[in-house]
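Trainee: When you get a sec, could you give me coordinates for this:
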Amino acid sequence: MTKPHRTRTVLAFAAMAMALFAGAANAGQIYFDDFSGNATDDLHGTTPDVTTDGETWIARSTYKADGSFTWESYAAMTLAFTPVDGLVYTLDAKIENLTGQHWVQFGFGKGQPSVSTDTNWSGRVWDLLRVAEDGSNSHATFLKDFTGTANWSDLGLLRYDEPLDARIVLDTTGGTGNWLATWYAKADTDVDYTEVRAATVLTDEDIDSIGFTVYNTTKTGQLVSFSLSDNTSGGDANGDGIVDAADYILVKQNMGQAVGVIGEDGDFNRNGEVDWDDLQTLLGAMSGNSAGGSSQVPEPVSLLIMAAGLPVLLKRRRLVAA
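Mentor: Predicted structure coming up:
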């Protein structure tokens, strides 16, 4: 028979779990858009699904609200964004159904071209993505003005029309003059991102936007999603954009382990292991102390799992403190 005091303890932790998850939030999300609009509507002037101060897309008419785009040389779509020292930013884009022989550009840049002119968007840290129908591949990473070029592989037998996830991590924790960029990519069949270029010092930190452009001729495609986040709140251990029971379970599994990069797997403070401080960050995010306004209530089973695990973590903390 279950002892009364044990039952009360589990119920108390379950109640605490319910209270914590009631305030679950998007972790450090600055922008997110899944382009759920209509193919007949322009993207220009629309508001991303997540935005910090009501910013809207500035985009040429070749970009539509459903994320589709057609060729117009140097046509850009941008969102206002100025990095600050001391943070780690992650910029993601998912692209599919590319056609044509030329390329698209994605990354951090300077300027927000008018929708009525051909003024270029100037990249500062960016990816050049080209998967041509003839099977040729010319993916590359760049810093300002096509400097610091580094080509990267096509991730195996990636077809031109298959989805590609591109990621750029901008680390400003080194302070002005020491910002670093690291480039990643992933095919849909891959479990993890591949680092396609190691951390590189920026040649120009004058950034005031993030964006996407199409260059040269006959290029069309589909943007599936576009997002920017930072590490100010933490708590999103599995990188799905939501702080929930899955993040708690991952932190619990990795307690005391040396894991992860860029905050994944629960090492939110990037000290090389998942520890008590990371748990506190997770609980703070769950209780609504993190940035963002969305919430997600987990399934009851997840809550019970969390409730059952909390005493173990607390006991571990008491042993360490002793």
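
Trainee: What segments of the stretch 101-250 of the chain are strands?
Mentor: 104-110, 122-129, 140-143, 150-151, 164-171, 180-187, 194-201, 209-214, 220-230 (DSSP state E, counting those that start in this stretch).

Trainee: closest one to residue 29 among those strands?
Mentor: Residue 29 sits nearest to strand 220-230 of all the strands of the stretch 101-250 of the chain, at 5.0 Å, using Cβ to Cβ. C-beta here means a position set from N, CA and C on the backbone, and glycine is covered the same way.

Trainee: just checking, what packs against the closest one?
Mentor: Judged by 3 or more Cβ pairs under 8 Å, 6 or more residues apart in numbering; DSSP states H and E, strand 220-230 is in contact with strand 29-33, strand 68-69, strand 88-99, strand 209-214.

Trainee: Pull it out as PDB, backbone CA atoms only.
Mentor: This file holds the C-alpha atoms of strand 220-230, laid out as PDB (Å, rounded to 0.1, in the frame of the first residue of the first chain):
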ATOM      1  CA  THR A 220      12.000  30.000 -57.700                       C
ATOM      2  CA  GLY A 221      11.400  28.200 -54.400                       C
ATOM      3  CA  GLN A 222       9.500  28.000 -51.200                       C
ATOM      4  CA  LEU A 223      10.500  29.300 -47.700                       C
ATOM      5  CA  VAL A 224       8.900  26.900 -45.200                       C
ATOM      6  CA  SER A 225      10.000  28.800 -42.000                       C
ATOM      7  CA  PHE A 226      12.300  31.700 -40.900                       C
ATOM      8  CA  SER A 227      13.300  32.400 -37.300                       C
ATOM      9  CA  LEU A 228      15.700  34.300 -35.000                       C
ATOM     10  CA  SER A 229      16.200  33.500 -31.400                       C
ATOM     11  CA  ASP A 230      18.700  34.300 -28.600                       C
END
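
Trainee: List the strands paired with that strand, with their directions.
Mentor: strand 29-33 (antiparallel), strand 68-69 (antiparallel), strand 88-99 (antiparallel) (DSSP bridges).

Trainee: moving C-terminal of the shortest one, what's the next helix or strand?
Mentor: Once strand 68-69 ends, the next helix or strand along the chain (criterion: DSSP states H and E) is strand 75-80.

Trainee: Quick check: neighbours of that next one in the sheet, parallel or antiparallel?
Mentor: Partners of strand 75-80 in its sheet, by DSSP bridges: strand 58-59 (antiparallel), strand 209-214 (antiparallel).

Trainee: Quick one: closest of those to residue 224.
Mentor: Using Cβ to Cβ, those put strand 209-214 closest to residue 224, at 12.1 Å.

Trainee: got the angle between the closest one and strand 122-129?
Mentor: 50 degrees (axes from the mean of the first three to the mean of the last three Cα atoms, to 10 degrees).

Trainee: Give me the mean pLDDT for strand 209-214.
Mentor: Averaging pLDDT along strand 209-214 gives 90.

Trainee: Just the C-alpha atoms of it, please, in CSV.
Mentor: Output in CSV follows, covering the C-alpha atoms of strand 209-214 (Å, rounded to 0.1, in the frame of the first residue of the first chain):
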residue,chain,number,x,y,z
SER,A,209,18.6,43.4,-40.5
ILE,A,210,18.2,39.7,-41.3
GLY,A,211,17.0,38.6,-44.6
PHE,A,212,16.8,36.5,-47.8
THR,A,213,17.6,37.4,-51.4
VAL,A,214,17.4,35.8,-54.9
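
Trainee: coming back round to it: can you add distance to residue 62 and mean neighbour count and give the strands of the stretch 101-250 of the chain back as JSON lines?
Mentor: Shown next, in JSON lines, are these (distance: least, Cβ to Cβ, whole Å; neighbours: other Cβ atoms under 10 Å):
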{"stretch": "strand 104-110", "distance to residue 62": "12", "mean neighbour count": "23"}
{"stretch": "strand 122-129", "distance to residue 62": "17", "mean neighbour count": "24"}
{"stretch": "strand 140-143", "distance to residue 62": "22", "mean neighbour count": "21"}
{"stretch": "strand 150-151", "distance to residue 62": "27", "mean neighbour count": "13"}
{"stretch": "strand 164-171", "distance to residue 62": "20", "mean neighbour count": "22"}
{"stretch": "strand 180-187", "distance to residue 62": "24", "mean neighbour count": "21"}
{"stretch": "strand 194-201", "distance to residue 62": "27", "mean neighbour count": "15"}
{"stretch": "strand 209-214", "distance to residue 62": "7", "mean neighbour count": "26"}
{"stretch": "strand 220-230", "distance to residue 62": "9", "mean neighbour count": "21"}
